[in-house]
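Undergrad: This is a predicted model, with the sequence first.
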Amino acid sequence: MKRLLGLSMLFGFAALTLPGLPAEAAADEHAYIGTKKCKKCHIKEFKSWEQTKMANAFEILKPGERAEQKTAVGLDPNKDYTTDPACIKCHVVGYEKEGGYVDEATTPDLVGVGCEMCHGAGGTYVADEYMSLKNKEFNRADIEAVGSIYPPTEEQCRVCHNEESPFAGEGYVFDFAQRKKDGTHEVYPLKYEH
């Protein structure tokens, strides 16, 4: 059976900040490169992903966006939350990590919840000798050894999908199985075994 690299996107994008997970080590050792670099080889997944809430998560932080929902949970709907560290850490890629999100102008390719939130910082594993157009038949164990995360876990998702979110509310339960089922983008079979 062919492995589906894109399948791991179904498991959520909130990786790289939860202590004790492999994602943390990957983020510390490898720089972020941005979702557009993933697009080169995974164009179908990218096109599907860019239509998702995850891809557009940063927009929620802007004034006037989701005003009714913000008001309902006691947030100021006219406030710009795009510089609030408590908010942006779950709405961008690699906040406060090497090569991670700095601001919207400096690192526009890291705005939104992108591939590396789920698959780890790609600075090493997308090198020519690992996973690249020059090495299409890469060995999954090799890229995992240099930062690739497959598959992401429920714990990674819970870094952001938890009761600390102002939208979660009391008694919030993150339904990992349902999120996995619904997915975050379409999954397409890979051409090569890994």
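TA: Arrived safely, thanks for sending.

Undergrad: Which element, helix or strand, includes residue 155?
TA: For residue 155, the element it lies in under DSSP states H and E is helix 154-158.

Undergrad: Ok, residue 87 next?
TA: Assigned by DSSP H and E, residue 87 belongs to helix 85-88.

Undergrad: element containing the closest residue in space to residue 59 that isn't next to it in sequence?
TA: Of all residues not flanking residue 59 in the chain, residue 65 sits nearest, at 5.7 Å (Cβ to Cβ, 6 or more residues apart in numbering). In this view, the C-beta of every residue, glycine as well, is placed from N, C-alpha and C. Here residue 65 sits in a region with no helix or strand, counting by DSSP H and E.

Undergrad: contacting residues around residue 96?
TA: 85, 89 (Cβ atoms under 8 Å, 6 or more residues apart in numbering).

Undergrad: Could you look up the SS state of it?
TA: Assigned by DSSP: H, G, I helix; E, B strand; the rest coil, the conformation of residue 96 is coil.

Undergrad: what residue is smack in the middle of this protein?
TA: Centroid-nearest residue in the chain: residue 117, 2.8 Å away (criterion: Cα atoms, centre = their mean).

Undergrad: how far away is it from residue 74?
TA: Taking Cβ to Cβ, to the nearest Å as the measure, residue 117 falls 27 Å from residue 74.

Undergrad: Return the set of buried residues in stretch 68-75.
TA: Within stretch 68-75, the residues that qualify as buried by neighbour count (16 or more other Cβ atoms under 10 Å) are 70, 75.

Undergrad: what's the burial count for the closest residue to residue 111 other than its chain neighbours?
TA: The shortest distance from residue 111 to any non-neighbouring residue, by Cβ to Cβ, 6+ apart, is to residue 58 (4.5 Å). Here the number of neighbours of residue 58 (other Cβ atoms under 10 Å) works out to 22.

Undergrad: ok, now which ones touch residue 58?
TA: Residues counted as contacts of residue 58 (Cβ under 8 Å, 6+ apart) are 82, 88, 91, 92, 104, 111, 112.

Undergrad: What's the separation between the fifth one and residue 153?
TA: In other words, residue 104. With Cβ to Cβ as the criterion, residue 104 and residue 153 are 29 Å apart.

Undergrad: Which one of those two is surrounded by more residues?
TA: Taking other Cβ under 10 Å, residue 104 and residue 153 do not tie; residue 153 has more neighbours (18 against 15).

Undergrad: tell me the mean pLDDT for stretch 170-177?
TA: The pLDDT scores in stretch 170-177 average 87.

Undergrad: Please measure how far the first residue of it sits from its last one.
TA: 20 Å (Cα to Cα, to the nearest Å).
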